[in-house]
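1. Got a predicted structure here, sequence first:
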Amino acid sequence: VVIVIPTRDRLDLLERCVDSIRARSTYDPYELLVVDNGSREPRTLEYLASFPGRVMAYPHEFNFSKMMNAALDEVGDADLVLLLNNDTEVVAPAWLEAMIEHGQREEVGVVGARLMLRTGAPQHEGIVVGLGGSPARNVDYGYFGLGRTIRNCSAVSAACMLIRPEVYRGLGGFEDRLAVAWGDVDFCLRAREKGYVVVYTPYAVLYHDEGSTRGVGGMHGPEDDEVFLARWRGYRDPYYSPCFDPARPFELPLG
């Protein structure tokens, strides 16, 4: 498994992420590939210069999809690739085994993890498309304990996403017009179009301090929404019951 970690400065986040992988992971055959998007801080550059893994420079304007495409083109003969934000921290030691369990299945295109806030509340237990007036939304599946259940869903977050290189190549990579937001959701929906399933597993648990590197939402502007909706407007999420309110997660509509 090649673990791809995009970063820009914020050495505190990157070190914590990498240290947690090394200290807590019980699965050993992995390689770390850090994609550096123009770090400038001396301490970060010093750390990357002696990093015991691969470091790939991406000295261009931030575009998450292009960064991931560039990294995935460099993974060589990896069996699996795991995209991992630098603002994550491994909690469950068997997190990689839990994701590999499903990622190696031929019918599975993408695998996502359970991402937690520092408060202990879930931040991501799968994504619902078209919920709450947003193109897509991370959800806390308190409903019937679905957040603690292995299940198929429409999409998962690239903050921690496992894919096989052949799936990536078959889909033509990430949509590079989606520079900041929705690239992961679009990738998952295109995988589903090709007949793959997208799996969420609650047994891969990590903390996710969303937006720590570039702020919540990053530089997300209306362009990403427009590109995403031009392709997926009208998509009805088959994993969200039509009996529920489309504006309020897992609430019955009033009136």
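-> Yep, it's here. Numbers count the residues shown, from 1 in each chain.
2. how about residue 146, what does it touch?
-> Residue 146 makes contact with residue 125, according to Cβ atoms under 8 Å, 6 or more residues apart in numbering. (Each C-beta comes from the backbone N, C-alpha and C, glycine too.)
3. Doesn't it belong to a strand?
-> No: under DSSP: H, G, I helix; E, B strand; the rest coil, residue 146 sits outside any strand and is assigned helix.
4. which strands and helices sit next to the longest helix anywhere in the chain?
-> Ranked by residue count and defined by DSSP state H, the top helix of the chain is helix 11-24. Counting contacts by 3 or more Cβ pairs under 8 Å, 6 or more residues apart in numbering; DSSP states H and E, helix 11-24 is packed against strand 2-7, strand 31-36, helix 42-49, strand 88-90.
5. List the contacts of it.
-> Contacts of helix 11-24 (Cβ under 8 Å, 6+ apart): 3, 5, 7, 30, 32, 34, 41, 43-44, 47, 84-93, 209, 212-213.
6. Now which of these would you call buried?
-> Neighbour-count burial (16 or more other Cβ atoms under 10 Å) applied to the contacts of helix 11-24 gives 3, 5, 7, 30, 32, 34, 44, 47, 84-92, 209, 213.
7. I'd like the helices and strands packed on helix 11-24 laid out as JSON lines, including mean pLDDT.
-> What follows is the helices and strands packed on helix 11-24, written out as JSON lines (pLDDT from 0 to 100):
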{"stretch": "strand 2-7", "mean pLDDT": "98"}
{"stretch": "strand 31-36", "mean pLDDT": "98"}
{"stretch": "helix 42-49", "mean pLDDT": "97"}
{"stretch": "strand 88-90", "mean pLDDT": "98"}
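8. Lowest mean pLDDT among the helices and strands of this structure, which one is it?
-> Taking mean pLDDT, DSSP states H and E as the measure, strand 136-138 is the helix or strand of the chain with the lowest mean score, a mean of 91.
9. What is the subsequent helix or strand relative to it?
-> For strand 136-138, the following helix or strand on the C-terminal side (DSSP states H and E) is strand 151-153.
10. Touching that following strand from outside, list them.
-> With contact meaning Cβ under 8 Å, 6+ apart, strand 151-153 is reached by 112, 126-128, 197-200, 239.
11. and residue 85, backbone torsions?
-> phi -70, psi 150 (degrees, to the nearest 10).
12. got the end-to-end distance for stretch 120-128?
-> End-to-end span of stretch 120-128 (Cα to Cα, to the nearest Å): 21 Å.
13. can you check stretch 169-186 too?
-> Separation of the first and last residues of stretch 169-186 by Cα to Cα is 15 Å.
14. could you give me the average pLDDT of that stretch?
-> For stretch 169-186, mean pLDDT is 97.
15. what separates that stretch from the chain centre, distance-wise?
-> Distance of stretch 169-186 from the chain centroid (Cα atoms, centre = their mean, to the nearest Å) equals 12 Å.
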